[in-house]
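Participant: need coordinates for the following:
(chains A, B, C and D)
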2 protein chains.
Amino acid sequence: MFEFSQYQATPYLDLLSDDCVESLRSAGHHRSYKDGQFVHSRGDDKPGISIVEDGAAQAGIYGADGSFVLTSYIGAGHTFGDFTVFTDLPRTHDISAVGPTKILEVPAPRFLALCADEPAYMQALLKTTLMRSHLLLEMLHALRSLSFLPRVANFLLILAPSEPRSPTLRFRQTDLASTLGVSRASLNTALAKLENLGLIERGYGQLMITDRSKLVAWLNANAQ
Amino acid sequence: MFEFSQYQATPYLDLLSDDCVESLRSAGHHRSYKDGQFVHSRGDDKPGISIVEDGAAQAGIYGADGSFVLTSYIGAGHTFGDFTVFTDLPRTHDISAVGPTKILEVPAPRFLALCADEPAYMQALLKTTLMRSHLLLEMLHALRSLSFLPRVANFLLILAPSEPRSPTLRFRQTDLASTLGVSRASLNTALAKLENLGLIERGYGQLMITDRSKLVAWLNANAQ
DNA sequence: GAGAGAATGTCAAAAATGCGACATTTCGTG
DNA sequence: CACGAAATGTCGCATTTTTGACATTCTCTC
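Facilitator: Sure thing, here's the model as predicted:
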């Protein structure tokens, strides 16, 4: 079967030397955002790569009916918008800040110039991108092959930021439900079961993973 | 809402100059496979990048019960296994040939050496990888947000090779069903409806998309 | 610290989907 | 060209999930 791990992609900045990070910093604009503020919207152009310096962001798609489908959680050191630099694809997600957040924005031409001088920028980007694809494949597999309960558990693991001290997911159940493609009612019952198993705790507007490794273990045992 | 396009990733080889392609060819081993033959299995190590020179391959995961979940269709010029070169991730998919297929296999050290000399190898790889991530995001969105019929239609579009002359998908309905995460019975009725709409044709062990752009148009009109 | 708005917890009926079974069609092989 | 294996087409029935409703709990602001 499938092997569940605590896998998370390595942040882009962690893959770069201090010198490279410094050069990047001086090449871009630093912007600050408040909780919930929009960073980019679907359809925006102005190609460029954005890097979360502090705080976090979330990427998703707002439906016409106001529903929000979260696609990924972008923690400190991670990038987004990278594909606008290297492909002709339009921005397809809405990005908003989670908590007060600082974001470094490097316009495409400037980033490309850096890449030309120093291949490390591209190699690091390639590495995180490959790891992210991998994660996406895991999510796909989870959506298609797992039954309800393990599916929910797996998504919690994937969406949970890896930072040691914050196993807290600040999601409303409504959003999490549309992220998983299920109804809020059934999500709630699933969460209740996971809580009874002692794997998570439900809060108002948030979820806590009590013990990440315990959740992984349960998932490996109960995957079907 | 979501905008459905005829988007397909550009093959890796198409992004490289003729010289680069030539160097790649002489750097790797050429292998031939028969229809259905395994190229790699989950868990294999020996890192290296593989490129489909002729024919096609499919990537998926075999369940313990023999079920097969197709994850992607890899056409001529596309790569797989790339992540074994740049990350420590294990191979997580089974790759098998679709029809007689020629595959170029370049061991990791040799590919890295090429990259060090000529950044074009990495830039091209970055580009296709970004495009593939994009596709994966579309698949995810389809799985979570679309109702049954559009979901099936969308997957057909995504899985269909873009080659002009071959809008034929050589999938058994059983496999396609597990790829979509639905039962064969409901897949069949969905396909029947799409056939009645004149969008596809069902065959024995295969499906034909009669008119790709018509299917795209229908999808944009009926997405929900 | 009281009240309004927002989010969660839960229920029963309705709809969708899966499951297992079986008939039918197709393909390849001897 | 006849046969068996393999794949498709289809049908109820069982199960799961959604829907819509409503009560409850929480949080934030005045």
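
Participant: secondary structure class for A:Thr174?
Facilitator: With DSSP: H, G, I helix; E, B strand; the rest coil as the basis, A:Thr174 sits in helix.

Participant: for the spatially closest residue to it that is not a sequence neighbour, what are its contacts?
Facilitator: Nearest residue to A:Thr174, sequence neighbours excluded (Cβ to Cβ, 6 or more residues apart in numbering or on different chains): A:Arg184, at 5.4 Å. C-betas here are computed from N, CA, C, even on glycine. Counting by Cβ atoms under 8 Å, 6 or more residues apart in numbering or on different chains, A:Arg184 touches A:173-174, A:177.

Participant: any idea which of the residues you listed is the one closest to A:Lys34?
Facilitator: A:Thr174 (21.7 Å; Cβ to Cβ).

Participant: can you tell me what sits against stretch A:113-120?
Facilitator: With contact meaning Cβ under 8 Å, 6+ apart, stretch A:113-120 is reached by A:16-17, A:20, A:23-24, A:27, A:106, A:121-122, B:115-116, B:119, B:122-123.

Participant: report whether the helix ranked longest in chain A contacts DNA strand D.
Facilitator: As assigned by DSSP state H, the longest helix anywhere in chain A is helix A:120-145. No - counting by Cβ under 7 Å from any atom of the strand, DNA strand D is not contacted by helix A:120-145; separation bottoms out at 11.9 Å.

Participant: can you tell if that helix touches DNA strand C?
Facilitator: No - Helix A:120-145 lies out of reach of DNA strand C by Cβ under 7 Å from any atom of the strand, never closer than 9.6 Å.

Participant: could you identify the helix or strand that succeeds that helix?
Facilitator: The helix or strand immediately downstream of helix A:120-145 is helix A:148-159, counting by DSSP states H and E.

Participant: sec struct for the residue lying closest to A:Leu149 once chain neighbours are set aside, please.
Facilitator: Distances taken as Cβ to Cβ, 6+ apart put A:Ala190 closest to A:Leu149, at 5.5 Å, once the chain neighbours are dropped. Classification of A:Ala190 using three-state DSSP returns helix.

Participant: hang on, the earlier thing: roughly how far out does the longest helix of chain A sit from the chain middle?
Facilitator: Mean-position distance between helix A:120-145 and its chain equals 11 Å (Cα atoms, centre = their mean, to the nearest Å).

Participant: now do stretch A:9-26
Facilitator: With Cα atoms, centre = their mean, you get 18 Å for stretch A:9-26.

Participant: still on that earlier bit, now do the longest helix of chain A against helix A:148-159: the angle between them, please.
Facilitator: When axes from the mean of the first three to the mean of the last three Cα atoms, to 10 degrees is applied, the directions of helix A:120-145 and helix A:148-159 differ by 170 degrees.

Participant: what residues of helix A:120-145 count as buried?
Facilitator: In terms of neighbour count (16 or more other Cβ atoms under 10 Å in any protein chain shown), helix A:120-145 has its buried residues at A:121-145.

Participant: same deal with stretch A:20-28?
Facilitator: A:20-21, A:23-24, A:28.

Participant: output those as CSV; include the columns secondary structure, pLDDT and distance to A:Arg91.
Facilitator: Formatted as CSV, the buried residues of stretch A:20-28 follow (DSSP: H, G, I helix; E, B strand; the rest coil; pLDDT from 0 to 100; distance: Cβ to Cβ, whole Å):
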residue, secondary structure, pLDDT, distance to A:Arg91
A:Cys20, helix, 95, 25
A:Val21, helix, 95, 25
A:Ser23, helix, 94, 25
A:Leu24, helix, 94, 21
A:Gly28, coil, 93, 17
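
Participant: DNA strand D: which of those is nearest?
Facilitator: A:Gly28 (32.5 Å; Cβ to the nearest atom of the strand).
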